[in-house]
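Q: Let me see the structure of the following:
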Amino acid sequence: MMTPRSVGSLSLGVALALAVSGCSFSIGAPPAPTTIPAGDVAALAEQTILDQFQAQIRLDCGTDPVPFEVGTVVDCIGNEVGVDEQIPVRITIVLIDGDYYEIDITSDGPAADTFESGFVASADFESVVAAALEQVVGERGVVNCGLDEVEVFLGAEYVCSVVLSSGFAETYVTVIAFEGSTYEITAELIE
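A: Residues are numbered from 1 along each chain as shown. Take a look at the predicted model:
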């Protein structure tokens, strides 16, 4: 029977970084295997995370046998139960003594390869810019951003023209918040 133990660190979500340790037991000492099932490694990591952090994570580490060697790395995808977000998790075998082994569990949190953006009709975006600019200059001007659709994402920057009672001007617009279909901007006149 395998005797697993896990140690290391885990970072789930935004900034959770904790030491992970588990318990070990041993029964008889048959020769150490050359591979172990990926599901066994995943189950050990899931249980350790649950025991140490009370976080219920389901790991998919594939179905290929895992070489039972120090330094073996198993890349898995984790999902916290009840949360629709994939988390890359890396499990490394860090110590083997007969059938006893220790693993290190690491994650940098949710995958960062998703870029959230959306498209807004130019007239709608220009109306939002006009309202923001009205708070700055005290009058609602006619705004033209020169686009059919505006791609809105956190950090997006645009220069739009605006006609005010004092004449023509340009405004610098920055998207300072974006989530789903909701966004927030700042607008200031360019002098």
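
Q: What distance do you get for the closest residue to residue 157 other than its chain neighbours to residue 163?
A: Excluding its sequence neighbours, the residue lying closest to residue 157 (C-beta to C-beta, 6 or more residues apart in numbering) is residue 174, at 5.2 Å. (C-beta placed from N, C-alpha, C; glycine too.) Distance from residue 174 to residue 163, counting by C-beta to C-beta, to the nearest Å: 21 Å.

Q: what do you get for residue 133?
A: 11 Å.

Q: repeat for residue 81
A: 55 Å.

Q: Looking at those two, which has the bigger crowd around it?
A: residue 163 (12 against 9; other C-beta atoms under 10 Å).

Q: Touching, that one and residue 141? I think so.
A: Yes: between residue 163 and residue 141 there is a contact under C-beta atoms under 8 Å: 5.6 Å.

Q: Contacts only, for the closest residue to residue 73 other than its chain neighbours.
A: Leaving aside its chain neighbours, residue 73 sits nearest to residue 92 (5.0 Å; criterion: C-beta to C-beta, 6+ apart). Applying C-beta atoms under 8 Å, 6 or more residues apart in numbering, one finds that residue 92 lies in contact with 8, 71, 72, 73, 74, 103, 104, 106.

Q: Recalculate using a threshold of 7 Å.
A: Residue 92 makes contacts with 72, 73, 103, 104, as judged by C-beta atoms under 7 Å, 6 or more residues apart in numbering.

Q: is it in a bridge, and if so with what?
A: As for beta bridges, residue 92 partners with residue 73, residue 104 under DSSP bridges.

Q: Make 535 the starting number, not 1.
A: All set: I'll call the first residue 535, so the last point we hit is now residue 626.

Q: Check it and give its pLDDT.
A: Residue 626 is assigned 91 on the pLDDT scale.

Q: and what of the one 5 residues further on?
A: Residue 631 is assigned 86 on the pLDDT scale.

Q: what's the spacing between it and residue 671?
A: Distance from residue 631 to residue 671, counting by C-beta to C-beta: 73 Å.

Q: Compare neighbour counts for those two and give me the winner.
A: Taking other C-beta under 10 Å, residue 631 and residue 671 do not tie; residue 671 has more neighbours (17 against 13).
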